[in-house]
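Engineer: what shape does this take:
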Amino acid sequence: MIAATAAMAAVSTLLTPSLKDPAVTSVKVTVCRALIAPIEFVRSWYCAHGAPAAQLRVLTPALEDAPAPGERPAHTPVRFIYIGGLTWQKGVHVLIEAFAGVQDAAELWIAGDESADPGYVAALRAHAPANVRFCGRLGRAALWETLAQVDVVAIPTLWYETFSFILSEAFAAGLPVIASRLGPLADRVRDGVDGLLVAPGDVVAWRQALQRLAEDAALRQRLRPRSSESRRQIPSAAWCCRGASMWPRALCS
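Structural biologist: The predicted structure is shown next:
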């Protein structure tokens, strides 16, 4: 089992010194009128680590091409999918190890660029059971086509995401998620309402969550994000155009 706390400590070690360095902070304050964070969690994190709170603004990214949500047929076997980077910190190895113990009929699709870390991908393939399918990198059209063919999106990251576009895309597609209880994911996913939150790196906990969703069609249906509370997390391109007035204040002088 991988200790997620070690990953978080590594992130803090890498990022915190530069934020706390007075010289670096003073440069940022001098040349920038405003700093932009994609979500409140990120803003708070940077404030806590020395960034100037008065100059930090939240501007949430939009999805320009999100389709209108519609009725979604259930698939047999149940199809889980991971879409994203294929590197250690994304926790895909945790997901595959957990999925290997799921008892009900299910498939796991893995989509991402396999060229970034070929050694890691080779290890994933070596340990993946026969019902794990590697889909390669998806373009925008293929992304939405693929999301229409699956039942649950998994986000097993081992360290903080700054936003997680795939979470927005899952919500836009009307799909429930299983996500690490970590950073922005824990803020955006309402456990038991539009997804399940799981301890990062905990193979047993991930296996239990996957098993619950694999065997319980009613739970999968109930967790589909239909509500305005889930949908409000997906700002439109028009919303971002209205928010674009913030950008001039964020540009360097």
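
Engineer: which helix or strand contains A126?
Structural biologist: Assigning secondary structure by DSSP states H and E places A126 in helix 118-127.

Engineer: do the same with V42
Structural biologist: V42 belongs to helix 40-48 when assigned by DSSP H and E.

Engineer: give me the below-cutoff pLDDT ranges for the stretch 101-250 of the chain.
Structural biologist: By pLDDT under 70, the low-scoring segments of the stretch 101-250 of the chain are 226-250.

Engineer: let me see the ranges of the strands in it.
Structural biologist: Assigned by DSSP state E, counting those that start in this stretch, the strands in the stretch 101-250 of the chain fall at 106-111, 132-136, 152-155, 177-180, 195-198.

Engineer: pull the CA atoms of the helix holding V42 into PDB?
Structural biologist: Presented in PDB, the C-alpha positions along helix 40-48 are these (Å, rounded to 0.1, in the frame of the first residue of the first chain):
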ATOM      1  CA  GLU A  40     -10.800  28.200  -3.400                       C
ATOM      2  CA  PHE A  41      -8.800  25.300  -2.000                       C
ATOM      3  CA  VAL A  42      -5.800  26.300  -4.200                       C
ATOM      4  CA  ARG A  43      -6.200  29.900  -3.100                       C
ATOM      5  CA  SER A  44      -6.200  29.000   0.600                       C
ATOM      6  CA  TRP A  45      -3.300  26.700   0.200                       C
ATOM      7  CA  TYR A  46      -1.100  29.400  -1.400                       C
ATOM      8  CA  CYS A  47      -2.200  31.900   1.200                       C
ATOM      9  CA  ALA A  48      -1.200  29.500   4.000                       C
END
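
Engineer: who does it touch, helix- and strand-wise?
Structural biologist: Counting contacts by 3 or more Cβ pairs under 8 Å, 6 or more residues apart in numbering; DSSP states H and E, helix 40-48 packs against strand 35-37, strand 56-58, helix 183-188. In this view, the C-beta of every residue, glycine as well, is placed from N, C-alpha and C.

Engineer: for these, which one sits closest to A142?
Structural biologist: Across the helices and strands packed on helix 40-48, A142 has its closest neighbour in helix 183-188 (23.9 Å, Cβ to Cβ).

Engineer: pull out the buried positions in that closest one.
Structural biologist: 183-185, 188 (16 or more other Cβ atoms under 10 Å).

Engineer: got it, and stretch 135-145?
Structural biologist: Across stretch 135-145, burial judged by 16+ other Cβ under 10 Å covers 138, 143-144.

Engineer: alpha carbons only: can I get that stretch in PDB?
Structural biologist: Backbone C-alpha positions of stretch 135-145 (Å, rounded to 0.1, in the frame of the first residue of the first chain) are rendered in PDB as follows:
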ATOM      1  CA  CYS A 135      -7.400   3.200 -24.600                       C
ATOM      2  CA  GLY A 136      -4.400   5.500 -25.300                       C
ATOM      3  CA  ARG A 137      -4.700   9.300 -25.400                       C
ATOM      4  CA  LEU A 138      -8.200  10.700 -26.200                       C
ATOM      5  CA  GLY A 139      -8.900  13.800 -28.200                       C
ATOM      6  CA  ARG A 140     -11.800  16.100 -27.200                       C
ATOM      7  CA  ALA A 141     -14.400  14.400 -29.400                       C
ATOM      8  CA  ALA A 142     -13.200  10.900 -28.400                       C
ATOM      9  CA  LEU A 143     -13.300  12.000 -24.700                       C
ATOM     10  CA  TRP A 144     -17.100  12.700 -24.800                       C
ATOM     11  CA  GLU A 145     -17.700   9.600 -27.000                       C
END
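
Engineer: domains in this structure, by residue range?
Structural biologist: 4-62+235-250, 78-231 (automatic domain parsing).

Engineer: just name the most buried of those.
Structural biologist: Stretch with highest mean neighbour count among the domains of the chain: domain 78-231 (a mean of 19; mean count of other Cβ atoms under 10 Å).

Engineer: bridged to the nearest residue to F99 once chain neighbours are set aside, which residues?
Structural biologist: Residue nearest to F99 in three dimensions, not counting chain neighbours: L108, with 4.7 Å by Cβ to Cβ, 6 or more residues apart in numbering. In this entry, L108 is beta-bridged to F80, V132, by DSSP bridges.
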